[in-house]
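[1] What follows is a protein structure lacking sequence information:
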């Protein structure tokens, strides 16, 4: 089941279900896509129908941001919990290490990937890291793209975590679905968080939906435009749905 928020479908799921689905798909060597949605992603999708189609075609889209959780509860899914990308990544890694399912990391920088792999290997001693790829920040050539796909597939990686930022990572995953034989999970800033490069907000701020404010103070130059242009528009659009009686619709 899913809840439609501004035209984007967010699945009514929980950590346990997502992890069990990932493991099942990984065992079968299936090419799948999982995204963690927040307000930023929804506004990117609202402004681009092509991107909205990419998100809506994913196998699973989790409610990563608390505003989405609150809206899903308002739509009748009273028990919906937050399925937060960085936490989901740890849950999947724990299960994959226990079952000896190879994982891979794609995105960020070589330095962060090295730190991430060291820390995750310490947290989950049985983890098998099949591949680590820090792609260039520019557009890939066709040859580079083929090489990356080949590296992932030949490494035996069954679960590939992708940290390229929204909407780049979702588009990257969608374009390679069916080519990369692994479950691909878009996790945003999770690599930087778990490598200790960027601090996560306190749990009380996360519960109040104020994580964006904490991150804004950390990276004002990079994030001010995202938050000050997307959050007010999101609130106005949701208010418009409320006034038109659409807020409480439950199509999924």
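    Right, received. Where do you want to start? Keep in mind that what you see is a predicted model, and the values were worked out from it rather than measured.
[2] does residue 3 count as helix, strand or coil?
    strand (DSSP: H, G, I helix; E, B strand; the rest coil).
[3] how close does it sit to residue 97?
    Taking C-beta to C-beta, to the nearest Å as the measure, residue 3 falls 32 Å from residue 97. (C-beta placed from N, C-alpha, C; glycine too.)
[4] Of those two, which one has the most company?
    Neighbour totals were compared for residue 3 and residue 97, and residue 3 leads with 23 against 19 (other C-beta atoms under 10 Å).
[5] Give me the helices and strands touching the helix or strand containing residue 231, please.
    Per DSSP states H and E: residue 231 is located in helix 220-243. When contacts are defined as 3 or more C-beta pairs under 8 Å, 6 or more residues apart in numbering; DSSP states H and E, helix 220-243 packs onto helix 39-47, helix 211-218.
[6] helices and strands of this structure: which one bottoms out on pLDDT?
    helix 211-218 (a mean of 73; mean pLDDT, DSSP states H and E).
[7] That helix: which residues count as buried?
    211, 212, 215, 216 (16 or more other C-beta atoms under 10 Å).
[8] do you know which of the helices and strands packed on helix 220-243 lies nearest residue 177?
    helix 39-47 (17.4 Å; C-beta to C-beta).
[9] mean confidence for the closest one?
    On average, the pLDDT along helix 39-47 is 95.
[10] what phi and what psi does the backbone show at residue 137?
    Phi and psi for residue 137, reported as degrees, to the nearest 10, are phi -70, psi -20.
[11] now it: how far from residue 192?
    In terms of C-beta to C-beta, residue 137 sits 15 Å off from residue 192.
[12] Tell me which of these two has more neighbours.
    Higher neighbour count among residue 137 and residue 192: residue 192, with 20 against 8, using other C-beta under 10 Å.
[13] which ones are touching that one?
    Residue 192 makes contacts with 108, 112, 163, 198, as judged by C-beta atoms under 8 Å, 6 or more residues apart in numbering.
[14] again with residue 56
    8, 9.
[15] going forward can the numbers begin at 528, since that is how I track them
    Happy to do that; since the first residue is 528 now, the last one works out to residue 583.
[16] Now do it, the pLDDT please.
    98.
[17] mind checking how far it is from residue 532?
    11 Å.
[18] Now do the buried residues in the helix or strand harbouring residue 616.
    Taking DSSP H and E as the criterion, residue 616 maps to helix 612-626. Residues of helix 612-626 classed as buried under the neighbour-count rule (16+ other C-beta under 10 Å) are 612-624.
[19] what's the answer for stretch 635-648, then?
    635, 639, 640, 642, 643, 644, 647.
[20] what's the closest residue to residue 613 other than its chain neighbours in contact with, if anything?
    Excluding its sequence neighbours, the residue lying closest to residue 613 (C-beta to C-beta, 6 or more residues apart in numbering) is residue 717, at 4.0 Å. Applying C-beta under 8 Å, 6+ apart to residue 717 gives the contacts 612, 613, 616, 688, 690.
[21] Which parts of this structure are strands?
    529-532, 535-538, 559-564, 587-590, 630-634, 656-660, 686-690, 710-713 (DSSP state E).
[22] any chance of the ones you listed in a markdown table, plus distance to residue 732?
    Output for the strands of the chain, formatted as a markdown table (distance: least, C-beta to C-beta, whole Å):
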| stretch | distance to residue 732 |
| --- | --- |
| strand 529-532 | 22 |
| strand 535-538 | 22 |
| strand 559-564 | 18 |
| strand 587-590 | 17 |
| strand 630-634 | 25 |
| strand 656-660 | 31 |
| strand 686-690 | 22 |
| strand 710-713 | 23 |
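[23] for those, which one sits closest to residue 761?
    Between those, strand 529-532 lies closest to residue 761; by C-beta to C-beta that is 9.5 Å.
[24] could the buried residues of helix 612-626 go into JSON lines alongside pLDDT and distance to residue 766?
    Converted to JSON lines, the buried residues of helix 612-626 look like this (pLDDT from 0 to 100; distance: C-beta to C-beta, whole Å):
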{"residue": "612", "pLDDT": "96", "distance to residue 766": "27"}
{"residue": "613", "pLDDT": "96", "distance to residue 766": "30"}
{"residue": "614", "pLDDT": "96", "distance to residue 766": "30"}
{"residue": "615", "pLDDT": "98", "distance to residue 766": "30"}
{"residue": "616", "pLDDT": "98", "distance to residue 766": "33"}
{"residue": "617", "pLDDT": "98", "distance to residue 766": "35"}
{"residue": "618", "pLDDT": "98", "distance to residue 766": "34"}
{"residue": "619", "pLDDT": "98", "distance to residue 766": "36"}
{"residue": "620", "pLDDT": "98", "distance to residue 766": "39"}
{"residue": "621", "pLDDT": "98", "distance to residue 766": "40"}
{"residue": "622", "pLDDT": "98", "distance to residue 766": "40"}
{"residue": "623", "pLDDT": "98", "distance to residue 766": "42"}
{"residue": "624", "pLDDT": "98", "distance to residue 766": "45"}
